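1. how would this look folded up:
(2 chains)
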Amino acid sequence: MSVTAVGETAVRLGGSPLFEDWHEVASDGVPVLALVAMLICTVVLVPASRSTSGMELLLLPAVPLVIAALSQMFVIVLGDIDLGTGYLVGLSNVVSARYLAADPMVAVGLFVVIVCAYMAVGAVIEVRKIPSIIVTLGASFIWLGFALVIFPIPGGTSPGWLTSVMNWSPPVVPAAVVFAVVLCVIGYVITDHTAYGTVMRGAGSNRLAVTRYGWSMLKVRVVCYGLAGIFGVLSGLTLTGMTSSGDANASANYTLLAIASVILGGGLFSGGRARATGTVIGAFAISLVAQLLVFFNVSSAYQAAAQGLILVAVLAGRALLGIGER
Amino acid sequence: MNATSVSKRGDKGRVPWVSLSAFVLRFPWVWVFIAVVAIWAAIVVISGRGFLGTMTAVVALAPFLVMVGIGQLFVITLGNGNIDLSVEYSMPLAGFVGISVMNGGGARIGLGILAAVGVGLVVAAANLFCILVLSIPPIVATLAVGLVTYSASSIQAQNFSALPNQELHSFTTSSVGGVAWLAIICVCLAVAAAGLLHRTSYGRALEAVGQSLRAARLAGVPVTRVTIMSYFICGVLAALSGLLLSTYISPSVVIGQPYLLNSIAVVVLGGSLITGGRSNIVGVWGGALFLLLLTTLLNVLHIATATQDIVKGGLIILVLALVQTDRIEGS
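-> Below is the predicted model:
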């Protein structure tokens, strides 16, 4: 009798815990399930992947995308969308391939300028109340333009230390897994274990509450876009380390794939939700899809369609599970 | 920021520049035409080209952009994040499909145009399915549909051998008294679009949805029907523009590339609100002339395409930052 009463109280106090739990569990479980499914597909379909080094080759190309997805996450958490992620990564890729080996200080200086430019984009969006898509779309042409000014055609090189970081092969586990864990921890600490992470998520879900509590929305947006810029730069760096060259257009499709990763990872377009772990896992799953398409010699003509369909499938699947937008 | 906002339409004429703002609110496209004249004069002075010759060349290219721009305007006016990013990809597909249907010769022109319109309708329907049925935000939905469309045109492009229809090609290049026929048709199109926007119940409903979705719903505006209509208009216009452009130059998968940013830019430059609810068609023509003259000027100055991207991207952000504070009250 009393047990029932306690149970009823819990139900009343917590609203409907079962329902909310389902949202949380489903949101966090989806990216994990997607990755497990993709890994099983890979191991079954690609015999070469059944060794550490084979897995390494399949997983490593995901690392730049994973970091780009974290960059996108810091924008989506505010309810914004960054249409410039791909070209931001491209610009960082080109800058590091052009200057990092020869003139490290120039490269670092340019990275700082890029991050500041991203903060300025965030400030413009907040101060002038312009939709983020248009500003980031306009800005993406600026990033692409500068990247093409530096390298009209792909070129450059990667400094030795960067190449060896990206070629590092630890015993037992693939390096990509180590990178993934480190990125998860960094992302998780920023979003869930700093005061500002809470403010960011709050700003995305209830702007008014955050401003009434005395936080400056301008500061929040600048910080988030600054973080997006930093992760975008890091993504470009890893791309340089892997490919040893700079290509303004190589990462153009990262924009959409990063958005898909964040949403697959449990983020919401309406903002307020940042799941670093989910985003990282989601990005690995999506990257594996792309890798498999290449492995099976799917004509490049179909790859764009595959990317588009992945995004639609992710969103439609979430809607079916009842964990779509609030 | 509140001091500069022009929401107080009641106390007009107190400060000179408040009434100026009121003027701009009424005719938001004035600035872009002033800019057009300035940049036109600059080109003539710098390059030593003829005054009319410069404009004739630009007017011949403007129709393709005006058509997509007007389509984009109908979607942007919906507000609430509506935007069509698939135009970039539906243009080349409509070009490929239309040209291959026309391949038989003269009599098949009509069929080809119908096929291109069909492509536009199918892409728009796919966009609408993702937006209305799957509740995917328009930006992402149209981007995803656009990528699928891009794949379709890449597949079309493989072993594509049909040549653009000669009669349609000579029509796209023909002119009367130095003014391209297409430009004249596009002026008529703009007049028709303005009529649709300002004189029909659909147009009123469209602006109402853009100003406040909630209020429009409560007032019984058929929001879904208005949304469907807008995306179909945009899809058809982009497809027609793609077909004409492919016939004018030659079919290619990248033919629509500049039209993504440019179609949004002409709407914004023309003084329509990017957040929806207040649009004008005249500005689309002004924006198109301005962008094409700007490209001409940058070419005259021998500025590389990459730098042109930087200038255009920066310009759009600048114009947005300067202009877009004239918002409608309560929106």
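
2. So which helix or strand of chain B has the lowest pLDDT on average?
-> Every helix and strand in chain B was compared by mean pLDDT, DSSP states H and E; the lowest is helix B:16-26, with a mean of 65.

3. Can you list the buried residues in the helix or strand just after it?
-> Following helix B:16-26 in sequence order, the next helix or strand is helix B:30-47 (DSSP states H and E). Within helix B:30-47, the residues scored as buried using 16 or more other CB atoms under 10 Å in any protein chain shown are B:31-33, B:35-36, B:39-40, B:42-44. C-beta here means a position set from N, CA and C on the backbone, and glycine is covered the same way.

4. which bits of the stretch 151-300 of chain B sit near chain A?
-> Residues of the stretch 151-300 of chain B lying close to chain A (CB under 8 Å from any CB of the partner chain) are B:151-152, B:154-155, B:157-158, B:260-261, B:264, B:268, B:274-275.

5. Buried members of these into PyMOL, please.
-> Buried members of those, defined by 16+ other CB under 10 Å, are picked up in PyMOL with:
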select buried, chain B and resi 151+152+154+155+157+260+261+264+268+274+275
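
6. and the residues of the stretch 151-300 of chain B next to chain A, which two are the farthest apart?
-> Using CB to CB, those reach their maximum pairwise distance at B:158 and B:275, which is 41.1 Å.

7. and the stretch 101-250 of chain A, which residues reach chain B?
-> Proximity of the stretch 101-250 of chain A to chain B, by CB under 8 Å from any CB, involves residues A:121, A:124, A:127-131, A:133-135, A:137-142, A:144-149, A:152.

8. now do 7 Å
-> Within the stretch 101-250 of chain A, the positions near chain B by CB under 7 Å from any CB of the partner chain are A:124, A:128, A:130-131, A:133-135, A:137-139, A:141-142, A:144-146, A:148-149, A:152.

9. From these, which land in helices?
-> Residues from those lying in helices, with DSSP state H as the criterion: A:124, A:128, A:133-135, A:137-139, A:141-142, A:144-146, A:148-149.

10. hang on, the earlier thing: would you tell me which one of the residues of the stretch 151-300 of chain B next to chain A comes nearest to residue B:204?
-> Of these, the one sitting nearest to residue B:204 (CB to CB) turns out to be residue B:275, at 18.1 Å.

11. Just confirm the closest one is within a helix.
-> No - Residue B:275 is assigned coil when assessed by DSSP: H, G, I helix; E, B strand; the rest coil, not a helix.

12. The closest residue to it other than its chain neighbours: how many residues sit nearby?
-> Among residues not flanking residue B:275 along the chain, residue B:79 sits closest, at 5.6 Å (CB to CB, 6 or more residues apart in numbering or on different chains). Residue B:79: 26 surrounding residues under other CB atoms under 10 Å in any protein chain shown.

13. what does the one 10 residues further on give?
-> For residue B:89, the count of nearby residues is 31 (other CB under 10 Å).

14. before we move on, what about the one 3 residues further on?
-> The local packing count at residue B:92 equals 29, with neighbours defined by other CB under 10 Å.

15. for the record, mean pLDDT for the one helix or strand it maps to?
-> Residue B:92 belongs to helix B:87-102 when elements are defined using DSSP H and E. Averaged across helix B:87-102, the pLDDT comes to 95.

16. quick check, that helix touching chain A?
-> No - for helix B:87-102, no contact with chain A is found by CB under 7 Å from any CB; the gap never falls below 8.5 Å.

17. In the next helix or strand after that helix, which residues are buried?
-> Toward the C-terminus, helix B:87-102 is succeeded by helix B:109-128 as the next helix or strand (DSSP H and E). Residues of helix B:109-128 classed as buried: B:109, B:112-113, B:115-120, B:122-124, B:126-128 (neighbour count, 16+ other CB under 10 Å).

18. which outside residues touch helix B:109-128?
-> B:84, B:86, B:90, B:93-94, B:97-99, B:101-102, B:141-142, B:145, B:149, B:165, B:167-168, B:228, B:231-232, B:234-236, B:238-240, B:242-243 (CB atoms under 7 Å, 6 or more residues apart in numbering or on different chains).
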